[in-house]
Structures are given as C-alpha cells and as structure tokens.
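Colleague: Fold the following, please.
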Amino acid sequence: MRIQVAAVVAVSAAALVGVASAQAAPKQADLADALVSAGDVSDRVDIPMQVVSAESGTHPMNTPSVTPANCTVVYSPGSAAGYDGSGYTDLVVQSLRPTNGEATPSVVQAVAEFSDAKAAQTYLNDQAATWKSCKGTPFTAEHTNGMTSDLKAGGVTAGGLELFANLYTNPMKGSAGCERVLQVKNNYVVDVLLCDDANPGGKGRSLRSQIVRNLA
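Modeller: Got it, this is the predicted structure:
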C-alpha cells in the first residue's frame, strides 16, 4: 500500500509540474520564438521581407543612427538609447526590410524581459515621457546600408499597458508612415515599429498583438 501511495504522489507531482510548465512565461532563451516569422511579416505587408542582420541582435542596438538623438527611442525598438540602464534582463531585436532592396515597408520587432511586471510597467511609463519629447520634431534615421528615412513624430498615446505613436513622412503626405507601439505583457515589453509608405493601417498594432499572443 505504501508503494501505491508513493506512486500516486509521484504521478500527482509530475502532473503539477506539467501544469506549471504549461502556464509558465517563456524562458529567456525563448524570446526569439515570440517574434513573428519573416514569412508571416511578408504576408502582412504584401512583399517578401528578409532579416537585416546588422540591425538585429540579442542586445540593445546602436543602429540605425537617428538625428536628433532624443527621437531615437520613438523610432528604434530595442535601441541602446531606450534600454541601456533600464534594468532589462534579456532582449531580442529583429529588423526586416524588402528583399528587393527598397527602404519600405520596414519592420522592427523586439521583446525585452524585466525582473517583474512592475519593472516592465515602469519602463513603459518612463518611455512615454521620452517619446513625447520628440512630438512634432522632424528627424532622420540613417540605416546601416546607407538608406535614410525622414519622418516627423506625431502625438503619443499612453494608456495602461500600451504606448503608441504615429510617425509621419516628412514632408507630410497626409497619412502615417509608421506605427510605433510598446506594450507590457506581464514582465515583458513588446516593442514594434512598422513603416509603410502606403499607410500602415493598423498593421503595427496587429503585429504587436501577435507577439503578445506568442508570449502567452
């Protein structure tokens, strides 16, 4: 009888471990798995896309270079300007552009891990003030391949778990050139930029939402 009880306890413990594993947030090594695949990104923007390795990595990026510098964070997910000293514990950044060499559409997706949900929310709140400092400012981003992007930051919307901004082509063309989104998911920050000359039309937020689901 004792052996049978021990077996039941062992099975119960194993079951509990399985439940805990199923409900656990992704481990640090799994952050890249939360990103949307290049094929899926291509489908979303209706053009073949490829990863730009020089602007992707598992550490805060110093590329592209943005002038004036205070607009770096509102344009560059996963930037050193945004994450150095922030207390993040893990980070993955991936930049994608068309395989035909064109500048747009372009996508940057990143996920940062923090020690807990409070630290992630504090990061988002701090970023809101920095983004707002760039509102109405024309800025230029210079990419590693020599291409440049000229934009102007529009209004910044900060509410709850999300931080959002439209970036407009400069000179103004009447529609948003980029959607920039930050969202907290537990102790993670999902960090997205999607630019499209034809108007992003909510695709940036949709991409953000898919990454959030991948973190579930």
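Colleague: What separation do you get for Leu167 and Ala153?
Modeller: For Leu167, the distance to Ala153 (Cβ to Cβ, to the nearest Å) stands at 6 Å. In this view, the C-beta of every residue, glycine as well, is placed from N, C-alpha and C.
Colleague: Give me the common contacts of those two.
Modeller: By Cβ atoms under 8 Å, 6 or more residues apart in numbering, Leu167 and Ala153 have these common neighbours: Val74.
Colleague: got any ranges where the protein has weak pLDDT?
Modeller: 1-29, 170-176 (pLDDT under 70).
Colleague: what are the bridge partners for Met61, then?
Modeller: Ser79 (DSSP bridges).
Colleague: Could you say whether the residue nearest to the spatial centre of the chain sits in a helix, a strand or coil?
Modeller: The centroid of the chain falls nearest to Asp191 when counting by Cα atoms, centre = their mean (2.1 Å). With DSSP: H, G, I helix; E, B strand; the rest coil as the basis, Asp191 sits in strand.
Colleague: Over to Val74?
Modeller: The three-state assignment at Val74 reads helix, by three-state DSSP.
Colleague: same question, Glu102
Modeller: Following three-state DSSP, Glu102 is assigned to coil.
Colleague: Need phi/psi at it.
Modeller: Here is the backbone geometry of Glu102 (degrees, to the nearest 10): phi -70, psi 160.
Colleague: what number of residues lie near it?
Modeller: By the measure other Cβ atoms under 10 Å, the count of residues near Glu102 is 12.
Colleague: Check Asp90 too.
Modeller: Look at Asp90: counted by other Cβ under 10 Å, it has 17 neighbours.
Colleague: Flag every buried residue along the longest strand belonging to the chain.
Modeller: If you go by DSSP state E, the chain has its longest strand at strand 148-159. For strand 148-159, burial by neighbour count (16 or more other Cβ atoms under 10 Å) applies to 149, 151-154, 156, 158.
Colleague: what residues does that strand touch?
Modeller: 64, 71, 74-75, 103, 106, 124-125, 128, 131-132, 134-143, 163-170, 172, 176-178, 195.
Colleague: Alpha carbons of it, as CSV, please.
Modeller: This file holds the C-alpha atoms of strand 148-159, laid out as CSV (Å, rounded to 0.1, in the frame of the first residue of the first chain):
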residue,chain,number,x,y,z
THR,A,148,17.8,57.3,-44.8
SER,A,149,14.3,57.8,-43.5
ASP,A,150,12.9,61.3,-42.9
LEU,A,151,9.9,61.4,-40.5
LYS,A,152,8.1,63.5,-38.0
ALA,A,153,6.7,62.3,-34.7
GLY,A,154,3.0,62.8,-34.2
GLY,A,155,1.0,62.6,-31.0
VAL,A,156,1.8,60.0,-28.4
THR,A,157,-1.0,58.0,-26.7
ALA,A,158,-0.1,56.4,-23.4
GLY,A,159,-2.8,54.4,-21.7
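Colleague: export the buried residues of strand 148-159 to CSV and tack on distance to Gly202?
Modeller: Putting the buried residues of strand 148-159 into CSV (distance: Cβ to Cβ, whole Å) gives the following:
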residue, distance to Gly202
Ser149, 20
Leu151, 18
Lys152, 20
Ala153, 19
Gly154, 15
Val156, 17
Ala158, 18
